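Participant: Give the three-dimensional model of this entry:
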Amino acid sequence: MARFTLPRDLYHGKGSLEELKNLKGKKAVLVVGGGSMKRFGFLDKAVGYLEEAGMEVKLFENVEPDPSVETVMAGAKVMQEFEPDWIISMGGGSPIDAAKAMWAFYEYPETTFEELTIPFNFPTLRTKAKFCAIPSTSGTATEVTAFSVITDYAKGIKYPLADFNITPDVAIVDPELAEKMPAKLTAHTGMDAMTHAIEAYVSTMHCDYTDPLALHAIKMIHNDLKDSYDGNMDARDRMHNAQCLAGMAFSNALLGIVHSMAHKTGAAYTGGHIVHGCANAMYLPRVIQYNAKNEEAAKRYAEIATFIGLKGDSTDELVKALVDELKKMNAALNIPNGIKEYEGGIIDEKEFMDKLPTVAELAIGDACTGSNPRIPTQEEMEKLLKACFYGEDVDF
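Facilitator: Numbering: from 1, shown residues only. Sure thing, here's the model as predicted:
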């Protein structure tokens, strides 16, 4: 038996933020990030709609990129004191992911973060509040997924939390919020969405319900991401839908080792964070080359290539065409070829090599590894990570 879970209601299209005024409840905590939603007027709009719905609203602001365990606990404390019956989060993936984890600690203060890091081990939610997610970026699709990524900075590890309990009740996918994204964020979040869709399509958990969502998302992203990056707002609006479709696919089909590697390299180095979407973009071509040694995975990569109009006379040629096309997309979006080039070389080569065995071990143990079509050994994961550092092709 398999399961397919989505939010109960999904509102989409320009102006759909207004749906907030139709929520039924008495109190809402609104969780947001560093200020863009306030600067562009969306925060005031959201508060106004909630007050129109008859709710008392409390803000929890300034959730950082790559939200920490400490931020989650602080937000949960605010919720425990205010006792909302709606938790609403608006912004990029970070505030929404943080709010999902806050939700669990609000309803179950006695639970521990370590318990939540065990996949599909959340307690039953909705005993106190429902959840509404409103994305402002076109990539993470956390508004429709059973996932949250929280960083333990003391350990330098990003933890993907996974449980169908944290799939939001309501998603509002209003493209007007995404139209304010800067080009670099558009590129990184867009390739994050592409990675979601491709990994979902080749996942060992894919099914008839997830395949069409993944394929259509891949085609939309392939067609629209560069134009969105260049400032075409019609393409930007379509990308907001595409990333949501990719999220529907991967939330149910799960992901693979591109994400395992991105999770475990993201916060591992003293030089700085590797932005999640950029990490996925850099790692994806190498992981495809690695996974394509699995016959079934190669067949499915070839199907993706054919679906987006790439040419090849054999499975191998189609896989190569897909890898080349993704590299071409990265170059057009000014995404570096490998970690060594990232942000002008902020990740120290010696530190990377010193930490390689530990990072590889952690990546293999990541929650996303189990649904990858090929499970790497320690040696293979180290070789993969090295290839991603130097921007080299993979043939093993």
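Participant: can you count the residues close to His206?
Facilitator: 22 (other CB atoms under 10 Å). All C-beta atoms are positioned from the backbone trio N, CA, C, and that covers glycine.
Participant: Next: Glu379.
Facilitator: Neighbours of Glu379 (other CB under 10 Å): 11.
Participant: likewise Lys24?
Facilitator: 10.
Participant: my guess is it contacts Lys130, does it?
Facilitator: No: shown here, Lys24 and Lys130 do not form a contact pair, counting by CB atoms under 8 Å, at 9.3 Å.
Participant: which is the next helix or strand following the strand or helix carrying Leu284?
Facilitator: Element membership of Leu284, judged by DSSP states H and E, is helix 276-291. Using DSSP H and E, the helix or strand that follows helix 276-291 in sequence is helix 295-307.
Participant: And the contacts of the helix or strand bottoming out on mean pLDDT in the chain?
Facilitator: Lowest by mean pLDDT, DSSP states H and E among the helices and strands of the chain is strand 157-162, with a mean of 89. Residues outside strand 157-162 that contact it (CB atoms under 8 Å, 6 or more residues apart in numbering): 66, 100-101, 113, 116-117, 119-120, 122, 146-152, 259, 263-264, 266-268, 362, 366-368.
Participant: Out of these, which sit inside helices?
Facilitator: Of the positions in those, Lys100, Ala101, Phe113, Leu116, His259, His263, Lys264, Gly266, Leu362 sit in helices, assigned by DSSP state H.
Participant: Let me know the distance separating the first one from Thr210.
Facilitator: As judged by CB to CB, to the nearest Å, Lys100 and Thr210 stand 21 Å apart.
Participant: Neighbour count for those two, which is higher?
Facilitator: Lys100 (32 against 23).
Participant: Report whether the expected contact of Val319 with Ile304 is present.
Facilitator: No: using CB under 8 Å, Val319 makes no contact with Ile304, being 9.2 Å away.
Participant: May I have the secondary structure class of Cys132?
Facilitator: At Cys132 the chain is in strand, as set by DSSP: H, G, I helix; E, B strand; the rest coil.
Participant: quick one, strands of this protein?
Facilitator: Using DSSP state E, the strands found in the chain span residues 9-12, 27-31, 56-60, 86-91, 130-135, 147-152, 157-162, 170-173.
Participant: Select from these the stretch with the lowest mean pLDDT.
Facilitator: Ranked by mean pLDDT, the strands of the chain bottom out at strand 157-162, with a mean of 89.
Participant: Can you tell me the strand partners of that one and which way each runs?
Facilitator: Strand 157-162 has its sheet partners listed here by DSSP bridges as strand 147-152 (antiparallel).
Participant: Alpha carbons of the partner strand, as CSV, please.
Facilitator: Only the C-alpha atoms of strand 147-152 are listed here, as CSV (Å, rounded to 0.1, in the frame of the first residue of the first chain):
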residue,chain,number,x,y,z
PHE,A,147,8.9,18.0,5.0
SER,A,148,10.8,20.6,7.0
VAL,A,149,14.5,21.3,7.1
ILE,A,150,15.9,22.5,10.4
THR,A,151,19.6,23.2,11.2
ASP,A,152,21.4,22.2,14.3
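Participant: That one versus helix 276-291: what angle between them?
Facilitator: Calculated by axes from the mean of the first three to the mean of the last three CA atoms, to 10 degrees, strand 147-152 forms an angle of 110 degrees with helix 276-291.
Participant: Give the buried residues for strand 147-152.
Facilitator: Of all the residues in strand 147-152, those buried under the rule 16 or more other CB atoms under 10 Å are Phe147, Ser148, Val149, Ile150, Thr151, Asp152.
Participant: for the third one, what are its contacts?
Facilitator: So the one you mean is Val149. Asp66, Gly93, Asp97, Lys158, Tyr159, Pro160, Leu161, His263, His276 are the contacts of Val149 under CB under 8 Å, 6+ apart.
Participant: Show me the beta-bridge partners of it.
Facilitator: Residues in beta-bridge contact with Val149 (DSSP bridges): Pro160.
Participant: how close does it sit to Asp169?
Facilitator: 20 Å.
Participant: if you skip the residues just before and after it, what's nearest to Phe62?
Facilitator: Not Phe; residue 62 is Asn. Gly34 (5.9 Å; CB to CB, 6 or more residues apart in numbering).
Participant: residues in contact with that neighbour?
Facilitator: Counting by CB under 8 Å, 6+ apart, Gly34 has contacts Asn62, Val63, Glu64, Pro65.
Participant: Just the buried residues of those.
Facilitator: Using 16+ other CB under 10 Å, the buried members of the contacts of Gly34 are Val63.
Participant: Let me have the contacts of Gly34 in TSV, extended by distance to Asn337 and pLDDT.
Facilitator: Formatted as TSV, these follow (distance: CB to CB, whole Å; pLDDT from 0 to 100):
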residue	distance to Asn337	pLDDT
Asn62	34	96
Val63	31	97
Glu64	28	95
Pro65	23	90
